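Peer 1: Could you work out the structure for the sequence below:
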Amino acid sequence: MFRRIFESIFVRRLDPSRQWARLHAGQAGFRRGWSCQSALVVNHEAAHTRRNIAVFLDLANAFPSIMPSLVAKVLADRGAPLSEQRLVWALLTSGASAVLVVNGRQCEPLPFLCGLTQGSAISPALFNLIIDDLVRKLNAQAQLKSLRAVFFADDGALTVESAEEGQRLLNIAEEWATEMGLRFNVGKCGVVARRPTRLSIYGQTIPQVPSYKYLGVPRDVGGLDMVAYLDRVNTSMRAVFRLLCAVGVRWSGAVRLRTYKAVCRSIGEYGASLVALLLQDSTIPLLSVALAASDSLHTDAVRWITSTGSHTALGESMSGLLPPALRFRLLSAALVHHLQQSNVHNPVRSLLSRTLPTSSSVLLRSISSCHAYNEYLGAARLHAREARGRGSARKAPLTMRGWFGMWRRNWVATATGVLGARISPAQRDGGGVDGSLAIVDGAERRAAAAWRCGAWLLDRDCICGEAFNR
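Peer 2: Below is the predicted model of the structure:
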């Protein structure tokens with residue numbers, strides 16, 4: 001525990017803002033102002049330029065293969081202060097060991113002789129410093145808006161104009177990896193190109209594939225294949241949802257809701273913003289079909305959580321779950337906000353700051369004119385104007401999270417029907433969830449759901465002979 005606390009403090013001394021620790025703009029991993037999404041957008045846009053040959057690289061056992069001596073050499077070559085060098089050396093070589101338990105008996109501690117510690121706070125920062133030399137060599141002749149190589153940790157993507165240029169960069173990568181004692185896994189590398197393209201590394205031909213899974217999203221010759229991504233995500237979510245239904249028979253609605261959001265819905269939210277942006281200004285039939293599958297799963301989840309049957313709108317009001325299309329739209333605003341606020345050296349900023357050519361992808365044009373993000377900017381300006389009008393100039397600006405909550409409350413009040421709107425704020429918890437979902441007993445939970453639906457004691461007569469009326 002003490003080591004983790006110490007590393008969380010020490011990692012600040014490896015921050016790229018320091019002169020000796022500065023990283024190339026082509027590094028997107030574990031950095032403030034960069035992300036998987038920004039790397040995906042840059043790679044997608046390259047498919048719509050002359051750099052439409054994509055080569056994806058995978059370093060075999062990258063983190064476990066790093067020798068402490070290599071880390072020390074890189075830090076010394078970059079001019080790191082001697083105190084940082086000594087501390088890193090001590091963290092990598094002193095007290096790092098593993099204990100095996102065989103038949104209930106512990107063996108002697110086995111010291112780690114190589115590899116960056118898995119789960120360590122400083123391992124990603126150290127790996128970035130090591131891989132930075134390769135990223136600089138691969139982008140030696142490239143401008144920021146047309147980088148040839150973008151790396152996210154050990155996952156690299158080259159986008160080149162010709163096979164000759166691609167082979168030249170691969171030769172550089174092979175030479176660097178050999179010098180560093182690392183090796184690329186040829187079987188996990190891939191080439192995506194419109195025409196037959198033969199590229200090799202270590203004398204082995206890199207397989208040319210119609211689609212490659214890059215940072216969790218399929219990438220084909222046209223860029224990111226969000227149809228295939230959403231199909232795969234829907235299949236995974238449906239399988240997880242079936243498991244939840246099997247094990248959560250006795251759960252309360254509140255437990256079902258929290259588990260669904262944490263375990264099932266979260267699977268599809270990584271690329272949801274990109275899906276919404278692609279649907280904003282274009283009609284992609286297959287993507288619309290995949291989105292319909294998401295809607296079907298959402299409806300089943302709402303019914304399972306709230307026990308409201310066919311009253312889906314009421315169930316959405318009780319649970320606060322937005323339909324996929326609306327939630328994806330809000331997530332697209334959050335993504336655009338992130339991209340617009342990303343580091344000035346992030347290549348995605350250079351793509352967004354210029355006048356878009358006619359050859360730009362639908363995705364990039366949608367980012368530049370995102371309707372949901374413009375709606376957020378309008379709400380933020382109105383919020384600031386109202387604050388000034390009340391004399392509260394120092395009031396915090398409207399955050400994206402605050403806008404999400406405001407948008408959800410307005411939607412619940414106006415789009416979930418009369419029954420949904422009748423659930424007052426006093427009957428909801430801090431997250432806007434109806435308090436009746438906390439009922440554990442199954443019979444009571446179903447009775448509460450029937451009451452919300454207006455069906456409790458419907459068509460039943462009192463013992464006095466009169467019909468019950470609400």
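Peer 1: what does the domain assignment say about this structure?
Peer 2: When the chain is parsed into structural domains using automatic domain parsing, the resulting residue ranges are 2-220, 225-453.
Peer 1: residues contacting the spatially most central residue of the chain?
Peer 2: Nearest to the mean C-alpha position of the chain, counting by Cα atoms, centre = their mean, stands residue 270 at 3.8 Å. By Cβ atoms under 8 Å, 6 or more residues apart in numbering, the contact set of residue 270 is 36, 216. Backbone N, C-alpha and C define where each C-beta goes, glycine included.
Peer 1: before we move on, what SS does it have?
Peer 2: Here residue 270 is coil, with the state taken from DSSP: H, G, I helix; E, B strand; the rest coil.
Peer 1: do residue 24 as well
Peer 2: Three-state secondary structure (criterion: three-state DSSP) places residue 24 in coil.
Peer 1: ditto for residue 350
Peer 2: The three-state label given to residue 350 by three-state DSSP is helix.
Peer 1: For it, give its distance to residue 31.
Peer 2: Counting by Cβ to Cβ, to the nearest Å, the gap from residue 350 to residue 31 is 16 Å.
Peer 1: Repeat that for residue 178.
Peer 2: As it turns out, when the distance is counted by Cβ to Cβ, residue 178 lies 27 Å from residue 31.
Peer 1: cool, residue 219 as well?
Peer 2: Per Cβ to Cβ, residue 219 is found 22 Å from residue 31.
Peer 1: Give me the neighbour count for residue 313.
Peer 2: Residues lying near residue 313 (other Cβ atoms under 10 Å) number 19.
Peer 1: Tell me who's in contact with it.
Peer 2: The contact partners of residue 313, taken as Cβ under 8 Å, 6+ apart, are 415, 416, 417, 420.
Peer 1: Helices of the stretch 301-450 of the chain, residue ranges please.
Peer 2: Assigned by DSSP state H, counting those that start in this stretch, the helices in the stretch 301-450 of the chain fall at 312-319, 324-340, 347-352, 362-368, 371-389, 400-415, 417-421, 442-453.
Peer 1: Run through the strands of the stretch 101-250 of the chain in chain order.
Peer 2: In order along the chain, the stretch 101-250 of the chain carries the following strands (DSSP state E, counting those that start in this stretch): 101-102, 105-106, 110-111, 149-152, 155-160, 190-192, 200-201, 204-205, 212-214, 217-220, 223-224.
Peer 1: can you list the ones you listed in a markdown table and add mean pLDDT, mean neighbour count and distance to residue 37?
Peer 2: Supplementary listing: those in a markdown table, determined by pLDDT from 0 to 100; neighbours: other Cβ atoms under 10 Å; distance: least, Cβ to Cβ, whole Å:
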| stretch | mean pLDDT | mean neighbour count | distance to residue 37 |
| --- | --- | --- | --- |
| strand 101-102 | 82 | 8 | 41 |
| strand 105-106 | 84 | 8 | 44 |
| strand 110-111 | 70 | 10 | 39 |
| strand 149-152 | 95 | 24 | 11 |
| strand 155-160 | 95 | 25 | 14 |
| strand 190-192 | 96 | 22 | 19 |
| strand 200-201 | 95 | 16 | 28 |
| strand 204-205 | 94 | 11 | 32 |
| strand 212-214 | 95 | 20 | 12 |
| strand 217-220 | 94 | 21 | 10 |
| strand 223-224 | 92 | 24 | 11 |
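Peer 1: Tell me which of the helices of the stretch 301-450 of the chain is the most buried.
Peer 2: Looking across the helices of the stretch 301-450 of the chain with neighbours counted as mean count of other Cβ atoms under 10 Å, the highest average goes to helix 312-319: a mean of 26.
Peer 1: Understood, closing this out.
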